[in-house]
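Trainee: below are the sequence and a predicted model; questions follow.
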Amino acid sequence: MFGFNIALTVLTFVAYALPFLAPKLFPLLSVLTLILPLFLILNAFFFVYWLLQLKRQVILSGLVLLLGITFINKFYKFSSRALAEEEKDFTVMSYNVRLFNLFEWLPNEHVGDTILSFINDQNPDIICLQEYSESAKVNLRAYKYKAVFMEGKQIKTGQAIFSKYPIFNQGDFKIPDLGNNVVYADIKKGKDTIRVYNIHLQSIKISPDVNEIESHVDAIDKSKSQQLFVRIREAFKKQEKQAEKLVNHRKACPYPVIICGDMNNSAFSYIYRNIKGDLSDCFEEAGLGFGQTYRFKYYPARIDYIFADKRMKVKSFQSFSRFENSDHFPIMTRLAFAN
């Protein structure tokens, strides 16, 4: 048992270090960041196991958990805060709508209308949509201003930012040979100006029902298992390039920034750490529970985020994990400028 404990400790410490190491340096090891929460749970098991036996080995597991305490807060929030609403507040929503079920992945022809009703009920002031398509004919007429960037021939898809406040500048910087995109809009809210980035980074293409992973676990099918890890590794390398482009673009921005969207990576990754930078993770500031954003069987995955400038106060955060009309769940935060 202690041998297993030591092996787990080594893997956990490697996973602790990976957020500080670019995926291009250790692309295969970067996969460990996806299962860091599992490592923490197993270390907690060993801690209890040795504690009940009053063994000194408990010190090892206790040390691992103590050093990983900052990671626990990214995975699960034990308490939440919701500050009083004020007139100066504004709300921001991010949602990967999966083309509003245009190709009927879900056996429900009313998904587009249901999503529209949900957005109207929540009534966010700014909303960032990933995998958006005008072909689904979902009319967000409540929003006077929009920045929409789409590609494709017959079915155009892409990203969109809708706002109740004026948009006076917009753009995107799709990188050739990389999937998905990053778009932005400069928004005027009263005397304040905000730049909102809507990101959709390269997908690692894992099925939400994990049937694909379950099939790869079969030792007989080693070639498919290798293909899965190669695909994840290559996706992480592409995400790194997209993240670098975003970070450099943000450095030249003169306005307070909000970054929303589908990162397709965990909160324990180098990609997350690089994009977040000195911004606030709204879930960490005001969320509760797991903050699940992706409909992944057996595991409460959080791969969608809203990051806010430190000049803004995070007053509340919600993850609507019961609204199952896409493979992602919508998230929303309430913000206010600190001054």
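Mentor: Nice, I can see it.
Trainee: so who does Lys88 touch?
Mentor: By Cβ atoms under 8 Å, 6 or more residues apart in numbering, the contact list for Lys88 reads 336-337. Just so you know, the C-beta spots here come from the backbone N, C-alpha and C atoms, and that holds for glycine as well.
Trainee: and with 6 Å instead?
Mentor: Going by Cβ atoms under 6 Å, 6 or more residues apart in numbering, Lys88 touches Ala336.
Trainee: apart from its neighbours in sequence, what residue is nearest the residue nearest to the spatial centre of the chain?
Mentor: With distances taken as Cα atoms, centre = their mean, Asp304 lies nearest the centre of the chain, 2.2 Å away. Spatial nearest neighbour of Asp304, excluding adjacent residues (Cβ to Cβ, 6 or more residues apart in numbering): Thr293 at 3.8 Å.
Trainee: would you list the phi and psi of the residue nearest to the centre of the chain?
Mentor: phi -110, psi 140 (degrees, to the nearest 10).
Trainee: in stretch 321-337, what counts as buried?
Mentor: Using 16 or more other Cβ atoms under 10 Å as the burial criterion, the residues of stretch 321-337 that qualify are 321, 325-337.
Trainee: report the two of the residues you listed separated the most.
Mentor: Asp327 and Phe337 (33.9 Å; Cβ to Cβ).
Trainee: what residue ranges in the stretch 51-200 of the chain score low on pLDDT?
Mentor: Residue ranges of the stretch 51-200 of the chain with pLDDT under 70: 176, 179.
Trainee: make it 80
Mentor: Low-confidence segments of the stretch 51-200 of the chain, defined by pLDDT under 80: 81, 152-154, 174-179.
Trainee: what ranges do the strands span in it?
Mentor: In the stretch 51-200 of the chain, the segments counted as strands under DSSP state E, counting those that start in this stretch are 90-96, 126-132, 145-151, 157-163, 167-172, 181-189, 192-200.
Trainee: give the buried residues for stretch 133-147.
Mentor: Under the neighbour-count criterion of 16+ other Cβ under 10 Å, stretch 133-147 has 133, 136, 138, 143, 145, 147 buried.
Trainee: who's in contact with the residue nearest to the centre of the chain?
Mentor: By Cβ under 6 Å, 6+ apart, Asp304 lies in contact with 94, 262, 293, 328, 331.
Trainee: quick one: what helix or strand has Asn43 in it?
Mentor: Take DSSP states H and E as the rule and Asn43 turns out to sit in helix 36-52.
Trainee: looking at the contacts of Asp304, which are in strands?
Mentor: Members of the contacts of Asp304 lying in strands (criterion: DSSP state E): 94, 262, 331.
Trainee: thanks a lot, catch you later.
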